[in-house]
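based on what follows, work out the 3D shape:
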Amino acid sequence: MKVHTTGTTAFGRRSFALGAVSVTAALVLSACGGSDAADSPDSTDLASAGATTLTMWVDAERSPALTDVTARFKEDTGIEIKLVTKDFEQVSDDFITQVPTGKGPDLIVGPHDWLGKFVQNGVIAPIELGDKAADFQESAVAAMTYEGSTYGVPYSIENIGLLRNADLVPEPAETMDEVIANGKAAVEKGAEFPFLVGMDPKQGDPYHLYPFQTSMGVPVFGTDETGGYDASKLELGNENGAAFAAKVKEWGEAGAGILNSNISADIAKEKFNAGASPYFLTGPWNVPLAQEAGINVVVDPLPTTGDKPAQPFIGVNGFFISAKSQNTLAATEFALNYLTTEAVQDAMFDGGGRPPALTASFDKAAEDPIVAAFGKIGAEGVPMPAIPEMGAVWADWGGTELALIKGQGDPAESWATMVSNVEAKIAK
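I've put the predicted structure just below:
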């Protein structure tokens, strides 16, 4: 994947599952015990270098895919890796709090947009991927890199796309205007909604609307000379921002009715799966249930609203090593020579459905046209910013869009106020 760094962010990450882990223990064990692991000079005596038990914090979805590889690591090295299930919504804050006390885990699984806070608080250690970096999607490694150093082993890439019920609208559309026209035609024939996207009742959903914003030339942040996001360059306030704000209001409840503040993520999913709309702006996490419901699902490229590509955020998930691990050598061995294997990355995909970051695993997964379509969209996407300043953006950004969707306020004035508020928070 080519990496584009002209935009930025991460809002309301959705968890999803496409089914149980299908990779067999034998496959995982044989791959994990391959040449990389067996040839490592430290693989049989790592226990002598430190603690004989490592702890990894992981959510319930990913844990099953890691059971076999942790068993093989113990067989090879004598070191047990305990998988501790944690609540995804709380785990990053708990990690930052507990690592300095020595009570945190040796490894943690999570998204790349945690990087900024993790590095800022000194709780994760850099990891050198070396030649293995070339085995991964370029954008995945870039997302795991912060201020010139790589901090994680990536395992998946995710982004949104436009789900289309091909029984209601047979052909894809290139622009949002075409999507709206197709949706309204479907409503005239009996559909309930022309277009669906889930909204948070307090913050709307700038994450899902971001491709339309980038298509109109309004990224969140600009970049520095290295291509990294620069918090001093708040592009939300550029000359195109007011035009995008006007478009959001135009699509809202008092206008075209395409965006509806009363449609939550769960309602949007339910209605699309009931055949009530031809379109659903979402990610691969909502595909399985739609297929099970009998919807003829096709994943379309994201429609444009301006003269630029509609670029979604790319989210990369990976494994991080604690800066306070009692056995960094063993943790690094496990991350580099076990978690990077094709079978483990296959297992993570089978257990969670996120397209793999390892190129060989992605190529196999992409035999499914749904995975291939999301991958093609993601290739044009932009990494979500991992810089800590992103935390100052979400509330005002989402709240402003939600008010516009409800028909409240002047678009240009509301957008300018939002930008000023964000700038003030970043400056603190």
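
what about the nearest residue to residue 108 once chain neighbours are set aside, which SS state?
Spatial nearest neighbour of residue 108, chain neighbours left out: residue 57 (4.6 Å); criterion: CB to CB, 6 or more residues apart in numbering. For glycine as for every other residue, the C-beta is placed from the backbone atoms N, C-alpha and C. Put simply, residue 57 is strand when judged by DSSP: H, G, I helix; E, B strand; the rest coil.

you'd agree residue 57 is up against residue 81?
No: with contact defined as CB atoms under 8 Å, residue 57 does not reach residue 81; the gap is 11.3 Å.

what residues are shared contacts of the two?
Common neighbours of residue 57 and residue 81 (criterion: CB atoms under 8 Å, 6 or more residues apart in numbering): residue 107.

just to revisit the earlier point, contacts only, for the residue nearest to residue 108.
Applying CB under 8 Å, 6+ apart to residue 57 gives the contacts 84, 86, 91, 94-95, 104-105, 107-109.

just the ones in strands from the residues you listed, please.
84, 107-109 (DSSP state E).

got JSON lines for those residues, with pLDDT, neighbour count and distance to residue 385 too?
What follows is the ones in strands among the contacts of residue 57, written out as JSON lines (pLDDT from 0 to 100; neighbours: other CB atoms under 10 Å; distance: CB to CB, whole Å):
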{"residue": "84", "pLDDT": "96", "neighbour count": "12", "distance to residue 385": "29"}
{"residue": "107", "pLDDT": "98", "neighbour count": "25", "distance to residue 385": "24"}
{"residue": "108", "pLDDT": "98", "neighbour count": "27", "distance to residue 385": "20"}
{"residue": "109", "pLDDT": "96", "neighbour count": "26", "distance to residue 385": "20"}
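
which residues does the residue nearest to residue 108 bridge with?
residue 84, residue 108 (DSSP bridges).

alpha carbons of the longest strand that the chain contains, as PDB, please.
When the chain is parsed with DSSP E, its longest strand is strand 313-321. Extracted in PDB, the C-alpha atoms of strand 313-321 (Å, rounded to 0.1, in the frame of the first residue of the first chain):
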ATOM      1  CA  PHE A 313      -8.500   6.900   7.800                       C
ATOM      2  CA  ILE A 314      -6.300   3.800   8.000                       C
ATOM      3  CA  GLY A 315      -6.200   2.100  11.400                       C
ATOM      4  CA  VAL A 316      -3.300  -0.300  12.100                       C
ATOM      5  CA  ASN A 317      -3.400  -2.800  15.000                       C
ATOM      6  CA  GLY A 318      -0.200  -4.300  16.400                       C
ATOM      7  CA  PHE A 319       1.800  -5.600  19.300                       C
ATOM      8  CA  PHE A 320       3.800  -3.300  21.600                       C
ATOM      9  CA  ILE A 321       6.500  -4.100  24.100                       C
END
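
run the chain-centre distance for that strand.
The chain centre lies 7 Å from the centre of strand 313-321; the measure is CA atoms, centre = their mean, to the nearest Å.

list the neighbouring strands of that strand plus their orientation.
Partners of strand 313-321, by DSSP bridges, with direction: strand 107-111 (antiparallel), strand 152-158 (antiparallel), strand 382-383 (parallel).

as a markdown table, those with distance to residue 308 would be great.
A markdown table is the format used below for the strands paired with strand 313-321 (distance: least, CB to CB, whole Å):
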| stretch | distance to residue 308 |
| --- | --- |
| strand 107-111 | 26 |
| strand 152-158 | 22 |
| strand 382-383 | 12 |
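
nearest to residue 359, of those strands?
If you check each of the strands paired with strand 313-321 against residue 359 by CB to CB, strand 152-158 wins as the nearest, at 10.8 Å.

and the contacts of the closest one?
1, 112, 115, 124, 127, 129, 136-137, 139-141, 143-144, 283-284, 314-320, 335-336, 339-340, 344-345, 348-349, 352, 354-358, 362, 374-375, 378.

repeat the analysis, applying 6 Å as the threshold.
136, 140, 144, 314-320, 335, 339-340, 345, 348, 354-357, 378 (CB atoms under 6 Å, 6 or more residues apart in numbering).

repeat that for stretch 318-335.
Here stretch 318-335 makes contact (CB under 6 Å, 6+ apart) with 46, 49-51, 54, 73, 79, 99, 104, 106-109, 122-125, 144, 152-155, 339.

ok, the closest residue in space to residue 372 that isn't next to it in sequence to residue 305 distance?
In space, and not counting its chain neighbours, residue 372 is closest to residue 366: 4.2 Å by CB to CB, 6+ apart. Distance, residue 366 to residue 305, by CB to CB, to the nearest Å: 28 Å.

more neighbours: which of these two?
Set side by side, residue 366 and residue 305 show more neighbours around residue 305, with 22 against 17, by other CB atoms under 10 Å.

so the more buried one makes contact with residue 214?
No: applying CB atoms under 6 Å, one finds residue 305 not in contact with residue 214, separated by 9.2 Å.

need the residues touching each of these two.
In contact with both residue 305 and residue 214: no residue, using CB under 6 Å, 6+ apart.

residue ranges with poor pLDDT in the protein?
By pLDDT under 70, the weakly predicted segments of the chain are 1-44, 49.

residue with max distance from the center of it?
residue 48 (37.7 Å; CA atoms, centre = their mean).

at which residues are the helices of the stretch 151-300 of the chain located?
Applying DSSP state H, counting those that start in this stretch to the stretch 151-300 of the chain gives helices spanning 176-188, 206-215, 241-251, 265-273, 287-292.

can you point out the buried residues in the first one?
Neighbour counts using 16 or more other CB atoms under 10 Å place 176, 179-180, 182-183, 186-187 of helix 176-188 among the buried residues.

against residue 95, how distant is the nearest residue to residue 96 once chain neighbours are set aside?
Excluding the flanking residues, the one nearest residue 96 by CB to CB, 6+ apart is residue 121, at 4.9 Å. Distance, residue 121 to residue 95, by CB to CB: 9 Å.

which one of those two has more residues nearby?
residue 95 (23 against 15).

contacting residues around the spatially most central residue of the chain?
The residue lying closest to the centre of the chain (CA atoms, centre = their mean) is residue 315, at 2.5 Å. By CB under 6 Å, 6+ apart, residue 315 lies in contact with 111, 158, 384.

ok, the first one touching residue 317?
Yes: at 5.3 Å, residue 111 and residue 317 qualify as touching, with contact defined as CB under 6 Å.

who's more crowded, the two?
Per other CB under 10 Å, whichever of residue 111 and residue 317 has more neighbours is residue 317, with 23 against 20.

what residues are bridge-paired with the nearest residue to that one once chain neighbours are set aside?
Closest residue to residue 317 apart from its sequence neighbours, by CB to CB, 6+ apart: residue 156 at 4.6 Å. Going by DSSP bridges, residue 156 is paired in beta bridges with residue 317, residue 356.
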